[in-house]
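Asker: I would like the atomic coordinates for the input below:
(one chain, ligands or ions: 1)
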Amino acid sequence: MTNATNHWQRAHKSYKRFAAPWRPPAEAITAFRRALAPTPGRTLLLGVTPDLAFEDRDLVALDNSATMIANVWPGDTARRRAMEGSWLDAPLEAGGFQAALGDGALSCLSYPAGHDALFAEMARLLAPGGRLALRLFATPQECESVDDLVALAERGQAGPFSAFRMRLTMALAAHSGGNIHVPLILETFEARFPDRERVLALNGWTAEDIEPVELYRGSSAWYAFPTLAQVLAAVPDSFSVIEPASSGGYDLAERCPILVLERR
Ligand SMILES: C[S@@+](CC[C@H](N)C(=O)[O-])C[C@H]1O[C@@H](n2cnc3c(N)ncnc32)[C@H](O)[C@@H]1O
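Answerer: Numbering: from 1, shown residues only. Coordinates of the predicted model:
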């Protein structure tokens, strides 16, 4: 596989290094369960996030990366199965689901075109009254700058790398209308911290902590990190907004609300 692929084709190798806020911690899983409690029927999972492979629902996980399915999905059982396919053109019947959920799924799609396409496909798949719960990676309205983050790291006060990587991504996205070409995150990190050993030592980061950002080298993918207001503006009339629910109190949880929608 060449480097010029979508990095999700290679992400399974570093998936064990993925931590909150990128991956849902226990409190976010509880919040997902609460959001979908009123619609316990057939459920669509966007991606193969193992923490959300609920065994107490009839669940189909849909992911367009065969390697993620093969290496990250915890396995099919009598009630849950994974299938390969696109969220935007799902090989699934209209109105066949009472619930759908995704963790950071909207961030894998462009804003607004990809968001519009996902909402349209979810409107097709969900029966009336069905719920869609999406944990967002929402850039704050007033976002810190890359310079602010570099200064923090130079003082050794950047905190856990996983949260720092998301803050850096959002600082970049804030200057580009929400969309960001994934390799720019790594390129910015390397350009602003040319002495990697030094910044790691200053902040107590390890080489393993940095692995997920290395994955971005040469990726063809784009991420979208719009603000919550931008995401809400893209919700079509086919859904009513129940709430942006809190997903907990972990690092950056305030930037990761769970958007709960109901199919009209
Ligand atoms: C759900 S998202 C975010 C990761 C999540 N926060 C986690 O902890 O697992 C990542 C997954 O979505 C898949 N994916 C991205 N875009 C997709 C699309 N348009 N259709 C289907 N799967 C997609 C990727 O292959 C990857 O497995």
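Asker: neighbours of the residue of the stretch 1-150 of the chain found nearest the ligand, just the number please.
Answerer: Nearest residue of the stretch 1-150 of the chain to the ligand: Gly47, at 2.7 Å (Cβ to the nearest ligand atom). Where you see a C-beta, it was placed from the backbone N, CA and C, and this is true even at glycine. As a burial measure, Gly47 scores 24 neighbours (other Cβ atoms under 10 Å).
Asker: For stretch 230-241, which outside residues touch it?
Answerer: The contact list for stretch 230-241, computed with Cβ atoms under 8 Å, 6 or more residues apart in numbering, reads 106, 111-112, 115-116, 119-120, 122-123, 132, 136, 138, 178, 226, 244, 259-264.
Asker: again with stretch 153-169
Answerer: Residues outside stretch 153-169 that contact it (Cβ under 8 Å, 6+ apart): 18-22, 137, 144, 146, 149, 152, 180, 185, 188-189, 193, 199, 202-205, 209-210, 212-213, 223, 225, 251-252, 255.
Asker: quick one, what contacts the residue of the stretch 1-150 of the chain closest to the ligand?
Answerer: Gly47 neighbours (Cβ under 8 Å, 6+ apart): 61-63, 68, 102-103, 105.
Asker: when you check the residues you listed against the helices, which ones overlap?
Answerer: In this view, the contacts of Gly47 that belong to helices under DSSP state H are Met68.
Asker: Please name the nearest non-neighbouring residue to the residue positioned nearest the centre of the chain.
Answerer: By Cα atoms, centre = their mean, the mean C-alpha position of the chain lies nearest to Gly104, the distance being 1.8 Å. Counting by Cβ to Cβ, 6 or more residues apart in numbering, Gly104 lies nearest to Phe137, which is 5.4 Å off, once chain neighbours are set aside.
Asker: ok, that neighbour - how many residues close by?
Answerer: Here the count is done by other Cβ under 10 Å, and Phe137 has 25 residues near it.
Asker: That one and Ala163, how far apart?
Answerer: To Ala163, Phe137 is 12 Å away according to Cβ to Cβ, to the nearest Å.
Asker: ditto for Arg23
Answerer: From Arg23 to Ala163 the distance is 12 Å (Cβ to Cβ).
Asker: residues shared between the contacts of Phe137 and Ala163?
Answerer: In contact with both Phe137 and Ala163: Pro21, using Cβ under 8 Å, 6+ apart.
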